[in-house]
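Trainee: I'd like to go over a predicted model; first the sequence, then the structure.
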Amino acid sequence: MALDFVSILYIGALGLLLLGTFGLVTTTHLFRLILALALAEAGVNLLLILSGYRGGAQPPILGFGPQDMPMVDPIPQALVLTAIVIGVGVQALAVAAAVRIYRRYGTLDLVALKAHLEGDLARKQGIAPPKSAEKPAGERPLSPVPPRPQEP
Amino acid sequence: MLPLILPVVLPLLAAFLVMPLARMSALIARALGPIVLTTSLVLLLPCCLDPPAQPLVLAIGNFAPPLGIVFYGDRLALLFANAVALFFLLFWDWRGGNPQQARQDALMLLLAASATGLALSGDLFNLYVFYELAAVASFGLVSLSGTGPALVATVRYLLVSAFGSVLALAGIALLYLQTGTLNLAQLGIDPEPLQGPAGLLAFGLMVIGFGVKAELFPLNYWVPEVYASAPARISALLAGLISKLAVLILLRLLVLVYGDTAAPQILLFLGILTIFFGEFSAWRAQDFPRMIAFSSIGQLGLVFIAFSLSGSWGVLAGIAVALHHLLVKSALFGLAHRWSGSLQALTGSAQRTPLAAALFVLFALSLIGVPPLPGFWTKILVLAGLAQEGSALAFTGLGAILLVTAVEAHYLFRFALQLYEKVENAPAGFRSFWEFLPSLLLGAALLAVTLRINPVADRLRAITQQAADRSFYITQVFPQAAAHRKDQP
């Protein structure tokens, strides 16, 4: 079965969205997370554009091309323009914050940063810092077998 | 029409004027914010105290509704727009002396403008834009101090929030694919294409997406860390006000489009998960800001359970719970300004600050739902509604609410007892009276509502009647649609 052009675009949009979501769920590196977010946003923007697309129609500009041809729907295009601008702004903000975070903590790994955050907050509030997943919580357990008495 | 447009436009304009003005005169720049917000309040207050019989509808630029952008101010929207101006003035940084003063004022004004826009917009396109504007302004406000925890909390919040926006936008795209419009009233005229599985998927995506700000279950793990690392005034505004405006978007969608579908069941299910997650985490919390942050998640869960009830009862219960939470949680975060430390360190605070401790007990009693206080009436509305509903999931919700109320009572009373313990070195009191004036005023308001519960309930019923009426909303925006409908019975 041959796929037409629009179906391929739909599959591409959903693919980008799923790829971005997958990246957001599985990675912990801050910069990769921002890139995954950009992928997901691109997918959604494509999906929005497609929701107003009509095969063989004109761009929605008055006085451009023949008057009696159908036009594609301009509302999703306006919405996508807005969404792109917002997306770029948010990503720029995220990158700027990432730079400052790296200068302060020397890492961009979100798991490590979360541990720093919890520790800093605990210190600020004056409560016991949360237990680390890597280090053992207490003393090493005693061996069930008593140590052999020293030979004289 | 001025009350609809100026409270959005003026703060937006002033937000961008504050920074250049601050270079010329710090005094004028500092005065600008309060002046603008007071102007909005003066414009909006008459509409709220003595509401016009017909809602104010404004097609911006005189472009007729389905094409142009609509502002819709019924009693509910006007009430929330009013609350925005009032709460921003209440939690404004009057003290000054902050080196980032101008930036902070600009971001606060930006947040106020977008919050008012969220209350008044009648169009999904516009709602999305204002929602994003509110998100960006709140990122700035949370990270303004520039400390390590604030930056990390902001970035985690930003990633969740941006992912939520992607989901909401995907939902909007799906909705547009099936209907070809984003105007809420036009969606309400013919909601049938959306009542299939694809429409429900769109609703689910929008619930999870807009649910980020509304602290709804899957994407709310940013809440405690952001509220613990942001200044308490900002936490008060985000937890009290901004979360309610996200709830308002979902309420409009529910009333206008998804009332007759399985959408309320989705809300009920997510609400139950939210309430469990919030209250049990609050029980385990060790510091005051995070305890009330988690408790706020639990309360938002209650709001969503209330909105899942069918008919105008659900709208009434949901609005009542939301308004009660707006009052109480803002006031508690007002106290957190001083009580920012661990619960242990606050032992015996009542000795130096008896008034603040008494206020905490008042708010705690209302949150739990002890009879004469408004919290009791809001909870009983939800419980009675769930009992009438009678489905298995509704009874699960009823049991969940009763169970978490016990948990809530336990951790709130535990802390209240701690406050009144006798200790040698009582923690320092508030530096000045002004520091907890917002909480004091809100406590007085809570008591006033308790004493005059009947007039308030009547007013609330009038608000609900308008907000829960789908055809009323449609005929107000499209008068010709009503005539059209009469032609074909």
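Mentor: That came through fine.

Trainee: what's the helix or strand containing A:Ala96 packed up against?
Mentor: Taking DSSP states H and E as the criterion, the element that holds A:Ala96 is helix A:74-105. When contacts are defined as 3 or more C-beta pairs under 8 Å, 6 or more residues apart in numbering or on different chains; DSSP states H and E, helix A:74-105 packs onto helix A:30-51, helix A:110-125, helix B:124-142, helix B:148-179. Every C-beta, even on glycine, is put in place using the N, C-alpha and C of the backbone.

Trainee: how far is the second one from where the chain is centred?
Mentor: If you compare the mean C-alpha spot of helix A:110-125 with that of the full chain, they lie 21 Å apart, counting by C-alpha atoms, centre = their mean, to the nearest Å.

Trainee: in that helix, what's buried?
Mentor: By neighbour count on 16 or more other C-beta atoms under 10 Å in any protein chain shown, the buried set for helix A:110-125 is A:Leu110, A:Leu113, A:Lys114, A:Ala115, A:His116, A:Leu117, A:Glu118, A:Asp120, A:Leu121, A:Ala122, A:Lys124, A:Gln125.

Trainee: Settle this for me: the last one is touching B:Gln344, isn't it.
Mentor: No: counting by C-beta atoms under 8 Å, A:Gln125 stays clear of B:Gln344, with 9.7 Å between them.

Trainee: Need the residues touching each of the two.
Mentor: Contact criterion C-beta atoms under 8 Å, 6 or more residues apart in numbering or on different chains; residues shared by A:Gln125 and B:Gln344: B:Gln286.

Trainee: List the contacts of B:Ile292.
Mentor: By C-beta under 8 Å, 6+ apart, the contact list for B:Ile292 reads B:Tyr227, B:Ala239, B:Ala282, B:Lys329, B:Leu332, B:Phe333, B:Ala336.

Trainee: With adjacent residues omitted, what lies nearest to the second one?
Mentor: Pointing back at B:Ala239 there. Leaving aside its chain neighbours, B:Ala239 sits nearest to B:Ser296 (4.7 Å; criterion: C-beta to C-beta, 6 or more residues apart in numbering or on different chains).

Trainee: ok, and the closest non-adjacent residue to the residue most central in space within chain A?
Mentor: Chain A has A:Leu37 as the residue nearest its centroid, 3.4 Å off, counting by C-alpha atoms, centre = their mean. Nearest non-adjacent residue to A:Leu37, counting by C-beta to C-beta, 6+ apart: B:Ala162, 5.4 Å away.

Trainee: Kindly present the buried residues of helix A:110-125 as a markdown table, with separate columns for distance to chain B and pLDDT.
Mentor: Below are those laid out as a markdown table (distance: C-beta to the nearest C-beta, whole Å; pLDDT from 0 to 100):
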| residue | distance to chain B | pLDDT |
| --- | --- | --- |
| A:Leu110 | 7 | 84 |
| A:Leu113 | 5 | 84 |
| A:Lys114 | 7 | 83 |
| A:Ala115 | 10 | 83 |
| A:His116 | 7 | 82 |
| A:Leu117 | 4 | 81 |
| A:Glu118 | 8 | 81 |
| A:Asp120 | 4 | 81 |
| A:Leu121 | 5 | 79 |
| A:Ala122 | 8 | 79 |
| A:Lys124 | 7 | 76 |
| A:Gln125 | 4 | 73 |
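
Trainee: Could you pick out the residues of the stretch 251-400 of chain B near chain A for me?
Mentor: Residues of the stretch 251-400 of chain B lying near chain A by C-beta under 8 Å from any C-beta of the partner chain: B:Gln286, B:Asp287, B:Pro289, B:Ser340, B:Gly341, B:Ser342, B:Gln344, B:Ala345.

Trainee: quick one: contacts for the first one?
Mentor: Contact analysis of B:Gln286 by C-beta under 8 Å, 6+ apart lists A:Gln125, A:Ile127, A:Ala128, B:Ser342, B:Leu343, B:Gln344.

Trainee: Recalculate using a threshold of 7 Å.
Mentor: B:Gln286 is in contact with A:Ile127, B:Ser342, B:Leu343, counting by C-beta atoms under 7 Å, 6 or more residues apart in numbering or on different chains.

Trainee: swap in the fifth one?
Mentor: With contacts defined as C-beta under 7 Å, 6+ apart, the neighbours of B:Gly341 are A:Gln125, A:Gly126, B:Asp287, B:Phe288.

Trainee: and the strand or helix carrying B:Val328, what does it pack onto?
Mentor: Element membership of B:Val328, judged by DSSP H and E, is helix B:311-336. Under the contact definition 3 or more C-beta pairs under 7 Å, 6 or more residues apart in numbering or on different chains; DSSP states H and E, helix B:311-336 sits against helix B:75-90, helix B:232-237, helix B:243-256, helix B:288-307, helix B:354-368, helix B:374-389, helix B:437-451, helix B:453-467.

Trainee: Would you mind finding the most buried of those?
Mentor: Among those, helix B:288-307 has the highest mean neighbour count (mean count of other C-beta atoms under 10 Å in any protein chain shown), at a mean of 28.

Trainee: name the element B:Leu118 belongs to?
Mentor: Secondary-structure assignment from DSSP H and E places B:Leu118 in helix B:101-120.

Trainee: Tell me which residues of that helix come out buried.
Mentor: B:101-120.

Trainee: List the buried residues for the helix holding B:Val328?
Mentor: Applying 16+ other C-beta under 10 Å to helix B:311-336 flags B:313-336 as buried.

Trainee: average pLDDT across it?
Mentor: Average pLDDT, helix B:311-336: 88.

Trainee: got the angle for it vs helix B:288-307?
Mentor: Following axes from the mean of the first three to the mean of the last three C-alpha atoms, to 10 degrees, one obtains 170 degrees for the angle between helix B:311-336 and helix B:288-307.

Trainee: so who does the closest residue in space to B:Gly140 that isn't next to it in sequence touch?
Mentor: Once flanking residues are discounted, B:Gly140 sits nearest to B:Leu107: 4.5 Å by C-beta to C-beta, 6+ apart. The contact partners of B:Leu107, by C-beta under 7 Å, 6+ apart, come to B:Ala137, B:Gly140, B:Leu141.

Trainee: try it again with 8 Å
Mentor: B:Ala15, B:Ala137, B:Gly140, B:Leu141, B:Leu144.

Trainee: sorry, back to before: the residue nearest to A:Leu37 against A:Val88, yeah?
Mentor: No: using C-beta under 8 Å, B:Ala162 makes no contact with A:Val88, being 11.5 Å away.
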